[in-house]
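Visitor: okay, sequence plus prediction incoming.
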Amino acid sequence: MGMGMNMERLSSLDAGFLELENDTQQMHVGSLLVFDGPPPAYQDFCDHLASCLDSVPRYRQHVQRMPLDLARPAWVDDPHFSLAYHLRHTAIPSPGTDAQLRALVGRVMSQRLDVDRPLWEMWFVEGLPDDRWAIITKTHHAMIDGLAGNELMETVLDREPGQTRPAPSDWRPRPSPSRLGLAAAGAEWVARLPLEAGRAAVTALDALRSPSDVLRSGAIRAYGLAEFGRSAVSPTSVLNGPLGPHRRWGWVRADLADVKAVKRIAGCTVNDVVLAAISGGFRHYLIERGEPVDDVVVRSLVPVSIRTAAHKGRLGNQVTAVFADLPVGVADPVERLAAVSRQMDHLKGSGVAVTIDSMMSAGDFVPATLMTLGARVYAKVGQRVVNTVTTNIPGPQFPLYLLGHRMLEMFPYIPVAQGVRISVGIVSYDGHLTIAATGDYDAVPDLDVLCDAIGSSMAELVDAVLRPDR
């Protein structure tokens, strides 16, 4: 049996996330969703998820590797799919503090997903204080990026508290392809690589309207490659080093209205304000640990979504990235914001993001065996390009509901990998802004200090801009 309608290949980026997974770096993303209570019956939660699955077919598919890794893996229906396996029920013990909840998320996220099953889990959590309950979501990065994750959440969640759901269909998995069919499909795909690469080049040239556009595009890519090369040298600190298998996780809240007010006055973006606050948080954190901060930058990989309306409803990763130097050496919060804003404006126009996206796309025209070997070598050798990862995910600015219960807050979980011991995620939802940090359990025992420092840095920046006379 050939590929037909039965399989969809992973992109090179998504396949790379699978290859980067090992015993000390789990490549799943996730979230903690907190709802007003009392919690609904667990069976009602299971029935609700069952009614959503027809809208998200990937939730019932698993990764099928090709014989000899001749081609990238593909998504196929899981013949043994069981919703009960993917839904988990737990509770935090009395008194049910936020610290206990954060510890639970850290333990859940420390466990790898089973790559032979659909790459997701949801945990129904009871026992929260203040008459609340929660859902922990856990999805492999190969399956979904942040914005696609929001689209999935909008599938599972409702815009109205009493919204009705269709009855679940009588789903039957499509037959799995035979090993002979997989081998044939892989060989066919390899044979098409030169043609596909040629088509991509023609498409790229057609998109450029004049010879000057071609020259400008080349100049942008050359400049971007030069910037990327310079970014390869970065300072070493507690932020980089070997990873263990376990994770810590924490969060801090911010007032989105205050952040937007700072943005308007400073003439920058919400992302600039948040990155400036995170820069200040890292500054205070490093000082607390006795690390030098003068003439030091914390280099962050900042993913940038390139998802458009054309990508809506499609899973997978539609992202590029820039490398931003967080100015931890700048003591004044207003000067820090100005430094971040100038740099981000420069990066957006420099072509660095275009270049990295081109690198990722180029993987689509490399035989998958080489991609597999390259990802494995990269995972073993490690890198010293970045010190941290900072991901900003704009969420829906309207309330969402699950089984009639309003979602109060959303906290992101971003994995750590490749010798980067701390990652930071930012989510805005319904007027709220939450910043959550993931840290290696052994290397970053004081993750709460960083979270508190980010919160203090944000308050310091808001006061300096909105209330300068205080």
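Guide: Noted; the coordinates are in hand.

Visitor: how many residues are close by Asp170?
Guide: Per other CB atoms under 10 Å, the neighbour tally for Asp170 reads 5. (Each C-beta comes from the backbone N, C-alpha and C, glycine too.)

Visitor: distance-wise, check Thr388 relative to Leu275.
Guide: Counting by CB to CB, to the nearest Å, the separation of Thr388 from Leu275 is 11 Å.

Visitor: make that Ala436, sorry
Guide: Between Ala436 and Leu275 the distance is 15 Å, computed by CB to CB.

Visitor: just say helix, strand or coil for Ile393.
Guide: strand (DSSP: H, G, I helix; E, B strand; the rest coil).

Visitor: what pLDDT does it get?
Guide: At Ile393, the pLDDT value in this model is 81.

Visitor: isn't it up against Met410?
Guide: No. Between Ile393 and Met410 no contact is recorded; they are 9.1 Å apart, counting by CB atoms under 8 Å.

Visitor: now do the shared contacts for the two.
Guide: Val427 (CB atoms under 8 Å, 6 or more residues apart in numbering).

Visitor: okay, these two: which has more neighbours?
Guide: Between Ile393 and Met410, counted using other CB under 10 Å, Met410 has the larger neighbour count: 25 against 21.

Visitor: which strand residues bridge that one?
Guide: For Met410, the beta-bridge assignment (DSSP bridges) gives partners Leu33.

Visitor: that one: what's it in contact with?
Guide: Taking CB under 8 Å, 6+ apart as the contact definition, Met410 lies against Ser31, Leu32, Leu33, Val34, Met153, Gly395, Val427, Tyr429, His432, Thr434.

Visitor: same thing but 10 Å
Guide: Residues near Met410 by CB atoms under 10 Å, 6 or more residues apart in numbering: 31-34, 135, 137, 150, 153, 157, 393, 395-396, 400, 427-430, 432, 434, 436.

Visitor: now swap in Phe282 and tell me
Guide: 237, 239, 291, 293, 296-298, 300, 326-328, 387-388, 390, 422, 424, 450, 453-454, 457.

Visitor: so it sits in a helix?
Guide: Yes. Secondary structure assignment places Phe282 in a helix (three-state DSSP).

Visitor: and it, how close does it get to Ser423?
Guide: Counting by CB to CB, the gap from Phe282 to Ser423 is 12 Å.

Visitor: identify the contacts common to these two.
Guide: Listed as contacting both Phe282 and Ser423 by CB under 10 Å, 6+ apart are Ser300, Thr388, Thr390.

Visitor: the helix or strand harbouring the last one: what's the following helix or strand?
Guide: For Thr390, the enclosing helix or strand under DSSP states H and E is strand 388-394. Moving toward the C-terminus from strand 388-394, the next helix or strand (DSSP H and E) is strand 401-402.

Visitor: before we move on, back to that, quick one, which of Thr388 and Leu275 is more surrounded?
Guide: The residue with more neighbours, out of Thr388 and Leu275, is Leu275; 28 against 23, by other CB under 10 Å.

Visitor: pretty sure that one is touching Lys263, no?
Guide: No. The criterion here is CB atoms under 10 Å, and Leu275 misses it with Lys263 at 11.8 Å.

Visitor: pull up the overlap in contacts between the two.
Guide: With CB under 10 Å, 6+ apart, Leu275 and Lys263 have common neighbours Thr269, Leu337, Ser341.

Visitor: buried set for the strand or helix carrying the second one?
Guide: With elements taken from DSSP H and E, the one containing Leu337 is helix 333-350. Judged by neighbour count using 16 or more other CB atoms under 10 Å, the buried positions of helix 333-350 are Pro333, Val334, Arg336, Leu337, Ala338, Ala339, Val340, Ser341, Gln343, Met344, Leu347, Ser350.

Visitor: redo those as CSV? Include pLDDT.
Guide: Putting these into CSV (pLDDT from 0 to 100) gives the following:
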residue, pLDDT
Pro333, 97
Val334, 96
Arg336, 96
Leu337, 96
Ala338, 95
Ala339, 94
Val340, 93
Ser341, 92
Gln343, 89
Met344, 85
Leu347, 77
Ser350, 65
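
Visitor: what's the burial count for the nearest residue in space to Pro38 that is not next to it in sequence?
Guide: Excluding its sequence neighbours, the residue lying closest to Pro38 (CB to CB, 6 or more residues apart in numbering) is Asp131, at 6.2 Å. One way to gauge burial is a neighbour count; for Asp131, by other CB under 10 Å, it gives 9.

Visitor: doesn't Gly37 make contact with Asp131?
Guide: Yes. The pair formed by Asp131 and Gly37 meets the contact definition of CB under 10 Å, at 4.1 Å.

Visitor: can you list the low-confidence ranges for the chain?
Guide: Along the chain, segments meeting pLDDT under 70 span 1-7, 68-70, 145-154, 178-237, 304-321, 348-385, 470.

Visitor: could you chop it up by domain?
Guide: Following automatic domain parsing, one gets these domains for the chain: 8-179, 210-466.

Visitor: which parts of stretch 285-299 are buried?
Guide: Residues Tyr285, Leu286, Glu291, Val293, Val296, Val297, Val298, Arg299 are the ones in stretch 285-299 that count as buried (16+ other CB under 10 Å).

Visitor: how far off centre is it?
Guide: When C-alpha coordinates are averaged (CA atoms, centre = their mean, to the nearest Å), stretch 285-299 and its chain have centres 26 Å apart.

Visitor: stretch 420-437 too?
Guide: 10 Å.

Visitor: buried set for the host helix or strand of Asp463?
Guide: Per DSSP H and E, Asp463 falls inside helix 447-466. Neighbour-count burial for helix 447-466, with 16+ other CB under 10 Å as criterion, is recorded at 447-455, 457-462, 464-465.

Visitor: pretty sure Val449 contacts Val252?
Guide: No. With contacts counted by CB under 10 Å, Val449 stays clear of Val252, the gap being 11.4 Å.

Visitor: joint contacts of those two?
Guide: Common contacts of Val449 and Val252, defined by CB under 10 Å, 6+ apart, comprise Gly281.

Visitor: now the helices: where do they sit in the stretch 301-450 of the chain?
Guide: Across the stretch 301-450 of the chain, reading from the start of the chain, the helices by DSSP state H, counting those that start in this stretch fall at 333-350, 352-362, 368-381, 447-466.

Visitor: output stretch 115-134 as CSV, restricted to C-alpha atoms.
Guide: Provided in CSV are the C-alpha atoms of stretch 115-134 (Å, rounded to 0.1, in the frame of the first residue of the first chain):
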residue,chain,number,x,y,z
VAL,A,115,6.2,7.6,20.8
ASP,A,116,4.3,4.4,19.7
ARG,A,117,0.9,6.1,20.7
PRO,A,118,-0.7,9.4,19.8
LEU,A,119,1.6,12.0,21.3
TRP,A,120,-0.6,13.7,23.9
GLU,A,121,-2.0,13.5,27.4
MET,A,122,-4.5,15.5,29.4
TRP,A,123,-4.6,15.4,33.2
PHE,A,124,-7.8,16.2,35.2
VAL,A,125,-6.7,17.8,38.5
GLU,A,126,-8.8,18.2,41.6
GLY,A,127,-7.9,19.5,45.1
LEU,A,128,-7.0,23.1,44.1
PRO,A,129,-7.6,25.9,46.7
ASP,A,130,-10.4,28.5,46.3
ASP,A,131,-12.9,26.2,44.7
ARG,A,132,-11.0,25.6,41.4
TRP,A,133,-9.9,22.7,39.3
ALA,A,134,-7.4,22.3,36.4
